[in-house]
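Peer 1: would you be able to build a 3D model of this:
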Amino acid sequence: MYEHFFQCPYCWEEISVLLDPSVSRQTYIEDCEVCCRPIEFQVSFEENELIEFEVRDIEQ
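Peer 2: Coordinates of the predicted model:
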């Protein structure tokens, strides 16, 4: 597992997420652990190295 820190697109708090490098491309939704709003993650790994990490808010 790979721990990555980022800022929530809603509350701007710095939080961390655990990423699995065994899956090369991932898109998923997870709630912010501070404000509980949904965040969409787009993550890519190449040879177990993080090459793309993008988060965005989900308009509701």
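
Peer 1: the most centrally placed residue in the chain and L50, how far apart?
Peer 2: The centroid of the chain falls nearest to F41 when counting by CA atoms, centre = their mean (4.3 Å). Distance, F41 to L50, using CB to CB, to the nearest Å: 12 Å. The C-beta positions use only the backbone N, C-alpha and C, and glycine is treated the same way.

Peer 1: ditto for C35
Peer 2: 24 Å.

Peer 1: equivalent analysis for Q42, please.
Peer 2: 12 Å.

Peer 1: now swap in Y28 and tell me
Peer 2: 15 Å.

Peer 1: same deal with H4?
Peer 2: 7 Å.

Peer 1: anything in contact with each of those two?
Peer 2: Shared contacts of H4 and L50 (CB atoms under 8 Å, 6 or more residues apart in numbering): L19.

Peer 1: quick one: the strands in the protein?
Peer 2: In the chain, the strands defined using DSSP state E lie at 2-7, 14-19, 25-31, 38-46, 49-57.
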